[in-house]
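Chemist: Give me a model of this one.
(one chain, ligands or ions: 1)
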Amino acid sequence: MKVKINNREYEFDQEISILDATKKAHIKIPTLCYSEKLEPFGSCRLCSVEIKGERTLKPACVTKITDGMEIFTHSQRVRKTRKTIMELIIASHGINCNLNCLTCSKSGSCEIKEVAEEIGVTEIRVPPISIGLPEDRSSYSIVREPQKCIVCNRCVRKCSEVQSVNILTIANRGPDTYVTTFMDKGMGNVDCTNCGQCILECPTGALHEVYQMDQVWAALSDESKYVIVQTAPAVRVAIAEEFGAEPGKIATKQMVAGLRLLGFDKVFDTNFAADLTIMEEANEFIERFKNNGKLPLFTSCSPGWVKFLEHNYPEFIDNLSSCKSPQQMFGAIAKTYYANKLGISKEDMVVVSVMPCTAKKFERVRPEMKGDVDYVLTTRELAKMFKLAGIDLLNVPQEEYDEPLGISSGAGAIFGATGGVMEAALRTAYEVITGKELEKLDFEAVRGIEGIKEATVEIDGINLKVAIVNGLGNARKVLEMIKNGEKELQFVEFMACPGGCIGGGGQPIPTNNEILLKRMQAIYEVDRSLPIRKSHENPAIKTLYKEFLEEPLSEKSHELLHTTYLA
Ligand code: HC1
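Modeler: Have a look, this model is predicted:
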């Protein structure tokens with residue numbers, strides 16, 4: 001197909017969109033409602049282009065090229081139209097009515113500001129338009145500020161197309177159109193899984209996490225409290241992006257140093273608790289397998305996934321592992337075993353988590369979790385705290401985690417990427433079942449960013465059928481197949497977010513496939529760099545069992561580390 005773009009000839013062998021064609025020609029067209037991961041929608045019209053012979057401009061994202069087409073991407077008419085559209089979007093977004101930008105959650109990463117610059121907007125000729133809707137603060141995880149919404153529909157589409165959760169919708173028509181939840185009930189009162197994928201998709205500050213930074217600052221300045229922090233596996237491979245580093249930069253030791261500078265009494269690692277989870281979960285699997293227990297076993301560390309299952313597939317509740325997530329196991333051990341060691345009461349201890357995940361904020365308050373964790377910060381919130389404290393993360397002298405709850409294995413580290421929990425569990429299950437040393441630690445078949453992966457793993461003559469699923473839309477597909485008898489599996493890892501926790505709703509923005517792959521490589525690099533790569537070989541875990549828990553699945557373990565779910 002021969003197409004002229006801005007008077008130059010190009011050849012394409014497929015009927016692609018004008019937007020894709022211009023990308024291949026290295027011409028950038030501004031977009032707002034378009035997102036690589038979603039079906040093109042064509043609502044914002046910012047990508048409008050002129051086509052020779054056509055009376056009206058056409059949106060490049062939803063218009064296909066045809067042979068002989070002549071396209072003008074930045075003609076006078078196109079530029080003028082884009083400017084007017086953008087002025088209207090900005091007026092409806094409330095940016096020009098006061099100094100919102102300075103206090104906005106997206107200050108510094110605002111897509112709308114970037115696009116306005118690309119389009120050359122220098123004035124706003126229309127007065128601000130207010131739809132007068134209140135903020136939605138009904139959720140423990142996510143805040144919606146409708147005043148900043150430009151109705152690009154990306155959050156609605158992410159929630160339905162990718163996550164198949166469908167709790168966001170468009171209400172009304174014309175200038176009264178707005179994004180809302182069923183019957184305007186608010187995100188905390190519908191079946192939202194708190195995954196926060198909508199936040200990653202939002203080009204403005206209309207969606208952000210429920211901040212807990214103020215509570216953490218207050219705890220840090222309260223001298224009567226012993227304040228400890230745990231950092232999730234996926235935070236260390238992403239936080240440097242907030243300071244301008246390339247995705248995939250590992251900043252573990254800088255982050256540890258920064259946390260100490262903030263004033264935490266001890267800096268610990270969720271990876272330690274991930275090792276503990278493996279001890280419990282691998283043994284739970286073995287027990288179910290040997291005793292004809294409920295299979296397939298579903299992992300339970302992703303709280304967005306757990307909530308999705310509770311709402312949509314309660315018939316599978318018994319398949320969920322009874323293990324609490326590493327975040328919660330950490331809190332339970334910190335407030336018992338570790339508080340006892342220190343000789344302080346659990347009331348005087350404050351446990352803060354730094355997570356790539358917005359659903360962890362909800363998980364923390366689940367009544368079954370008994371206050372194991374006090375506050376949850378996202379990766380983005382921690383970066384904001386570092387900046388507020390004047391900590392130059394990339395250049396701060398590097399430091400190590402504290403002991404004993406900061407000691408971890410490579411198996412704990414890989415929890416942060418899709419497939420990691422399964423691989424970590426297999427490393428331990430193999431050695432527990434066979435009593436032999438596992439020679440090849442890397443289970444390549446369970447790695448990679450694909451949404452659904454399956455593998456057959458041979459352990460002692462038994463062929464185990466496992467699957468790894470990330471993204472809730474994929475989870476729905478796999479659950480339907482299991483339900484219809486189309487899949488026979490023994491162990492399935494489910495993660496709510498595409499890519500696993502590295503793609504969590506609390507991670508730096510943007511988070512796209514290219515960035516996910518770099519964060520994933522970094523996660524496996526962390527694993528390879530560690531002297532111990534199996535959870536059951538972690539010396540701090542061995543001591544914990546010896547001194548306190550006795551053995552996996554013991555009465556004490558059940559009391560502190562296991563839970564039940566809502567059907
Ligand atoms: Fe995760 Fe987990 S891996 S859920 O993705 O099991 O959030 O990183 O901390 O709890 O360890 C998140 C990440 C995280 C837990 C662990």
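
Chemist: can you pull the buried residues of the lowest-mean-pLDDT helix or strand in the chain?
Modeler: The helix or strand of the chain with the poorest confidence is helix 100-103; it has a mean of 81 (mean pLDDT, DSSP states H and E). Buried residues in helix 100-103, counted by 16 or more other CB atoms under 10 Å: residue 100. The C-beta positions use only the backbone N, C-alpha and C, and glycine is treated the same way.

Chemist: Counting by contacts, list what it packs against.
Modeler: Here helix 100-103 touches no other helix or strand, going by 3 or more CB pairs under 8 Å, 6 or more residues apart in numbering; DSSP states H and E.

Chemist: how far out from the middle of the chain is it?
Modeler: 25 Å (CA atoms, centre = their mean, to the nearest Å).

Chemist: Tell me which other helices or strands the first helix or strand past that helix going along the chain touches.
Modeler: Counting by DSSP states H and E, the element after helix 100-103 in chain order, helix or strand, is helix 111-119. Contact analysis of helix 111-119 by 3+ CB pairs under 8 Å, 6+ apart lists helix 76-93 as its packing neighbours.

Chemist: Now do the same contact list for the nearest residue to residue 346 once chain neighbours are set aside.
Modeler: Distance criterion CB to CB, 6 or more residues apart in numbering; nearest residue to residue 346, sequence neighbours excluded, is residue 335 at 4.0 Å. Residue 335 makes contacts with 346, 349, 351, 371-372, as judged by CB atoms under 8 Å, 6 or more residues apart in numbering.

Chemist: same check, this time on residue 405
Modeler: 228, 230, 266, 268-269, 272-273, 330, 333-334, 338, 540.

Chemist: Reformat those as a markdown table; add pLDDT and secondary structure.
Modeler: Shown next, in a markdown table, are the contacts of residue 405 (pLDDT from 0 to 100; DSSP: H, G, I helix; E, B strand; the rest coil):
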| residue | pLDDT | secondary structure |
| --- | --- | --- |
| 228 | 99 | strand |
| 230 | 99 | strand |
| 266 | 98 | strand |
| 268 | 99 | strand |
| 269 | 99 | strand |
| 272 | 98 | helix |
| 273 | 98 | helix |
| 330 | 98 | helix |
| 333 | 98 | helix |
| 334 | 98 | helix |
| 338 | 98 | helix |
| 540 | 98 | helix |
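
Chemist: quick check, nearest of those to the ligand?
Modeler: Among the contacts of residue 405, residue 273 lies closest to the ligand (CB to the nearest ligand atom), at 6.1 Å.

Chemist: burial measure for the closest one, as a count.
Modeler: 31 (other CB atoms under 10 Å).

Chemist: what does residue 114 give?
Modeler: Neighbours of residue 114 (other CB under 10 Å): 13.

Chemist: Could you list the low-pLDDT ranges of the stretch 201-350 of the chain?
Modeler: For the stretch 201-350 of the chain, applying pLDDT under 70 flags no range at all.

Chemist: in it, which spans are strands?
Modeler: Using DSSP state E, counting those that start in this stretch, the strands of the stretch 201-350 of the chain run over 207-209, 226-231, 266-269, 297-298, 349-355.

Chemist: Would you mind saying which of these lies nearest the ligand?
Modeler: strand 349-355 (4.2 Å).

Chemist: does the closest one come close to the ligand?
Modeler: Yes - counting by CB under 6 Å from any ligand atom, contacts between strand 349-355 and the ligand involve residue 355.

Chemist: so what does the very next helix or strand once past that strand touch, helix or strand wise?
Modeler: Sequence order places helix 359-365 as the next helix or strand after strand 349-355, per DSSP H and E. Under the contact definition 3+ CB pairs under 8 Å, 6+ apart, helix 359-365 sits against helix 303-312, helix 326-333, strand 375-378.

Chemist: for those, which one sits closest to the ligand?
Modeler: Nearest of the helices and strands packed on helix 359-365 to the ligand, taken as CB to the nearest ligand atom: helix 326-333 at 3.4 Å.

Chemist: Get me the contact residues on the stretch 201-350 of the chain for the ligand.
Modeler: Residues of the stretch 201-350 of the chain lying near the ligand (CB under 6 Å from any ligand atom): 232-234, 270, 274, 301-302, 325-327.

Chemist: Run a quick neighbour tally on residue 186.
Modeler: Neighbour tally, residue 186, other CB under 10 Å: 18.

Chemist: does it really touch residue 139, like I thought?
Modeler: Yes - counting by CB atoms under 8 Å, residue 186 does reach residue 139; the two are 7.1 Å apart.

Chemist: returning to what we had before: need the residues of the stretch 201-350 of the chain next to the ligand in CSV with distance to residue 377 and neighbour count, can you?
Modeler: Formatted as CSV, these follow (distance: CB to CB, whole Å; neighbours: other CB atoms under 10 Å):
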residue, distance to residue 377, neighbour count
232, 10, 30
233, 15, 28
234, 13, 31
270, 12, 30
274, 18, 30
301, 18, 26
302, 18, 29
325, 16, 30
326, 16, 27
327, 12, 28
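
Chemist: Please list all residues in contact with the residue lying closest to residue 509 once chain neighbours are set aside.
Modeler: Leaving aside its chain neighbours, residue 509 sits nearest to residue 109 (5.1 Å; criterion: CB to CB, 6+ apart). Contacts were defined as CB under 8 Å, 6+ apart; by that measure residue 109 touches 508-510.
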